[in-house]
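Student: My questions concern the predicted model and sequence given below.
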Amino acid sequence: MAHADGTLGPRATGALPAGEDAFARIFLPLGYQLAGVYPLDQLKMTGRTYAHADAPEDIP
């Protein structure tokens, strides 16, 4: 659901983290690390990629 101004921003998520932290809390303990950040200007968003630290070419 969008905010009144049409943006999709952080909302109250109870005890769960919002935004990127919601994904990082799962990926980081599994051995993944942030591999890249890229702008999605037309969507007014930022994309992030995660890769496994031990075998980034072999583990999806």
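Tutor: That came in fine, so what should we check first? Numbers count the residues shown, from 1 in each chain.
Student: Could you pull out the helices in this structure for me?
Tutor: With DSSP state H as the criterion, the chain has helices at 20-27.
Student: Grab the nearest non-local neighbour of the residue nearest the centre of it.
Tutor: Centroid-nearest residue in the chain: Glu20, 3.5 Å away (criterion: CA atoms, centre = their mean). Taking CB to CB, 6 or more residues apart in numbering, and ignoring the residues beside it in sequence, Glu20 has Arg48 as its nearest neighbour in space, at 6.2 Å. C-betas here are computed from N, CA, C, even on glycine.
Student: Looking at that neighbour now. What's its pLDDT?
Tutor: The model reports Arg48 with a pLDDT of 93.
Student: That one reaches Leu40, doesn't it?
Tutor: No - here Arg48 lies out of contact with Leu40, judged by CB atoms under 8 Å, at a distance of 10.3 Å.
Student: okay, these two: which has more neighbours?
Tutor: Arg48 (14 against 9; other CB atoms under 10 Å).
Student: May I have the residues that are in contact with the more buried one?
Tutor: 20, 23, 34, 36-38 (CB atoms under 8 Å, 6 or more residues apart in numbering).
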